[in-house]
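S.K.: Got a predicted structure plus its sequence, pasted below:
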Amino acid sequence: MQEPLHVHVSASTPAQPSSPQGRAPLSRRTFLTAAAVAAAAGAELVLPGRASAAPSRPRAAGSAQVTWSSESTASGYAPMSGTWYADPATGLAAVPYKLSQQDDIALAASGRNFGQVINIDPAKAYQSMLGVGSSMEDSTIHNLALMRPAVRTKVLRALFDPTSGAGFNITRICFGTSDFSHTTFYSYDDGPADPTLSRFSIQKDVDNHIISTLRDALRINPDLIVFGTAWSPPAWMKDNNSLIGGHLLDEHIPTLARYYRKIVQAYAEQGITIHAMTPQNEPLYAAPYPSMLVTSQQEAQLVDAMRANFAAGMLGTSDSGCSDTYRNTKAIAFHDYDGDPGAMSLLKTKYPGLDMAMTERMLWGTAGADRIARYMRRWSTTYVAWVTMLDQNRDAQQYGAPDPTPLIQNPDNRDTYWALPEYYLFAQFSKFIKRGAKRIWSDYGSAATITTVAFLNPDGTIATVVVNQTSSAQQFTLRSGQQQLIDAIPPKTAGTYVWTPSTPPATTSDAYSPIQAEAYGDASGVAVEVTADTTGGEDIGSLSNGDWAKYGNVAFGAQAATQFKARVASGAASGVSGRIEVRLDSRSSTPVGSITVENTGGWQTWTTKTADISGNLNWFTFTR
């Protein structure tokens, strides 16, 4: 066999128009190579009847440990329903699985396919995971403080204990107050202008139990990462002299950087390390609660000023392109309230040295679990939920009518609380994906069957989260190298499958089988999104002239390849076409083939071409 080659696919495409959300459509999907439901003899895999067991039960050798969590089957208790606040107990009584360990599944040699086939390749590794968790904002901490100490400790263990609880290992705190607060809005230097910060104090965080609660959480999980965000600096730093809205004054950029340094120092004096921070919460949104407008130019200056005041890097939200700002920023933080997670993969190709971090979004149900998987498939190193526990009156908070939180407290008996399905669904990630785990290649699947994301933990185990958003049990096959497992997951359920691979991962891709476009090893200018193609999966899109993707170690065998096929889609104007070029070993080498792509009827209207691309790429293969 000849040495495997590196295949470079580059695009020459027309500009894609903005979607109704004001962004270029992100189009490309994963083509699944097989999805047989039964063997030729007509065998059918049925949903096993399994008794739940303690999550701590050891995994048997040569098998996968299986843990499930699911939505409620009770009428009126759909995810996000306000009924959860009115009567949590009834909804929870109808939740079939709550982080319930199932019988182990024996690993078998790769062979027959059942249901949706998910291929996993540990040799293709991506970002290292930092953590999964939820916020410790004032609302949650206030409600915790109303509990007896023993009950409060029980709740904190349920959240942060890696053995008996969900194992949350990252949390976000507010520097000052946000809208989710039980008290009058405050900063750490309220009053008249104080450019020397002589009045600076975090005493209110002490008085409001924030410091003591974080200390307790750190005792339970010493590996807990704490990062912070300010909703507003002191009012006198802004043009409206208010904690609500307003613009940052340029002359106070250095002052704000010193203010942030003093926060980190003050927390350190309390025994709490602030590992990272974002310069401003949602800097382009002037909310009717503590908030501040910060331009991209101001934020770049602020990040540079913060670097001058700090000895270590920090999370950042600046995308100014400034070289100094780039060096002074560790990650780009995202809040998922608009757009598509594909924006993270697009920015990752533009700034490969920066981490992507999803730092705020509450999600619900198995659709939410799938959304978390998609964040991680788009390079996010984190998932952090927003607001952990309100009471049944949706208190304490000062704005709007929030949807259900993972924990809900009884306002008439503060020691009574309920853990909603979201608590268990988030734990399907946090409990099994260890810090430092590498996301590895896996087929995404389809919302019509199952969707997945896979990781290689530092201890060598593979952890794959499988999400069934449908109303029926779904059969599937997880395959890695020469091993596979077959299972059926119940409706509206997420499962985590953990096993130790016994064979080394494959190091090459077969040129004569479909290679998923999103399985690139390196790329520039491409974004990954869920495809609308018939077989489900993902695709890459937002392609512009000169964008490229590299696919390493493609094995061609002894025979020469004679043809190149690609699954493509384009919504380019009539008469406008683009081109996909295929090069071997180098982006600067002479193209060995190209495919021209005209309008296919839409950016998600897919067709298989055997000569040239404009638009989006789903999969490709060579013909002998």
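M.R.: Cool, got the structure. Owing to the predicted nature of the structure, the values given are computational and were not obtained by experimental measurement. Numbers count the residues shown, from 1 in each chain.

S.K.: And the strands in the stretch 301-450 of the chain, which stretches?
M.R.: Assigned by DSSP state E, counting those that start in this stretch, the stretch 301-450 of the chain shows strands spanning 315-316, 331-335, 355-360, 380-385, 389-391, 407-409, 417-419, 438-442.

S.K.: Can I get stretch 582-593 in PDB, CA atoms only?
M.R.: This file holds the C-alpha atoms of stretch 582-593, laid out as PDB (Å, rounded to 0.1, in the frame of the first residue of the first chain):
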ATOM      1  CA  VAL A 582      -8.500  18.900  -4.400                       C
ATOM      2  CA  ARG A 583      -4.800  19.100  -3.700                       C
ATOM      3  CA  LEU A 584      -2.500  16.400  -2.300                       C
ATOM      4  CA  ASP A 585       0.100  17.000   0.500                       C
ATOM      5  CA  SER A 586       0.100  20.800   0.300                       C
ATOM      6  CA  ARG A 587      -2.300  23.700  -0.200                       C
ATOM      7  CA  SER A 588       0.200  25.100  -2.700                       C
ATOM      8  CA  SER A 589       0.400  22.000  -4.800                       C
ATOM      9  CA  THR A 590      -1.200  21.700  -8.200                       C
ATOM     10  CA  PRO A 591      -4.900  20.700  -8.000                       C
ATOM     11  CA  VAL A 592      -5.500  17.100  -9.000                       C
ATOM     12  CA  GLY A 593      -9.100  17.700  -9.600                       C
END
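
S.K.: List the buried residues for it?
M.R.: Buried residues in stretch 582-593, counted by 16 or more other CB atoms under 10 Å: 582-584, 593. Bear in mind the C-beta positions are built from the backbone N, C-alpha and C, glycine included.

S.K.: Same check on stretch 405-423?
M.R.: Those would be 405-409, 411, 414, 416-423, for stretch 405-423 by 16+ other CB under 10 Å.

S.K.: Tell me which stretches of the stretch 51-200 of the chain form strands.
M.R.: Taking DSSP E, counting those that start in this stretch, the strands of the stretch 51-200 of the chain run over residues 63-70, 100-106, 108-109, 116-128, 131-134, 170-175.

S.K.: mind putting the ones you listed in a markdown table, mean neighbour count, mean pLDDT and distance to residue 232 included?
M.R.: What follows is those, written out as a markdown table (neighbours: other CB atoms under 10 Å; pLDDT from 0 to 100; distance: least, CB to CB, whole Å):
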| stretch | mean neighbour count | mean pLDDT | distance to residue 232 |
| --- | --- | --- | --- |
| strand 63-70 | 22 | 98 | 37 |
| strand 100-106 | 19 | 97 | 43 |
| strand 108-109 | 12 | 90 | 57 |
| strand 116-128 | 20 | 95 | 32 |
| strand 131-134 | 27 | 98 | 22 |
| strand 170-175 | 24 | 98 | 9 |
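
S.K.: so which of those gets nearest residue 356?
M.R.: Nearest of the strands of the stretch 51-200 of the chain to residue 356, taken as CB to CB: strand 116-128 at 7.4 Å.

S.K.: Check the offset of the closest one from the chain's centre.
M.R.: Averaging C-alpha positions (CA atoms, centre = their mean, to the nearest Å) puts strand 116-128 16 Å from its chain's average.

S.K.: which helix is the longest one in the chain?
M.R.: Using DSSP state H, we find that the single longest helix of the chain is helix 253-269.

S.K.: where do the helices sit along the stretch 301-450 of the chain?
M.R.: Secondary structure of the stretch 301-450 of the chain, counting by DSSP state H, counting those that start in this stretch: helices at 323-327, 342-350, 365-377, 421-430.

S.K.: Any buried residues in stretch 364-372, and which?
M.R.: Buried residues in stretch 364-372, counted by 16+ other CB under 10 Å: 364-366, 368-372.

S.K.: Quickly note the distance from the nearest residue to residue 144 once chain neighbours are set aside to residue 306.
M.R.: Using CB to CB, 6 or more residues apart in numbering and skipping the chain neighbours, the partner closest in space to residue 144 is residue 152 (5.1 Å). Going from residue 152 to residue 306 by CB to CB, to the nearest Å gives 34 Å.

S.K.: Please apply the same query to residue 156.
M.R.: Going from residue 156 to residue 306 by CB to CB gives 31 Å.

S.K.: Residue 152 and residue 306: which is more packed in?
M.R.: Per other CB atoms under 10 Å, whichever of residue 152 and residue 306 has more neighbours is residue 306, with 25 against 21.

S.K.: out of the buried residues of stretch 364-372, which one sits closest to residue 198?
M.R.: residue 372 (44.2 Å).

S.K.: The closest one and residue 433 touch, don't they?
M.R.: No. Contact status for residue 372 versus residue 433: not in contact, 10.3 Å apart, counting by CB atoms under 8 Å.

S.K.: and stretch 284-299, average pLDDT?
M.R.: Averaging pLDDT along stretch 284-299 yields 95.

S.K.: got the buried residues for that stretch?
M.R.: 287, 289-294, 296, 298-299.

S.K.: farthest-separated two in those?
M.R.: Spatial extent of the buried residues of stretch 284-299 (CB to CB) is set by the pair 289 and 296 at 22.8 Å.
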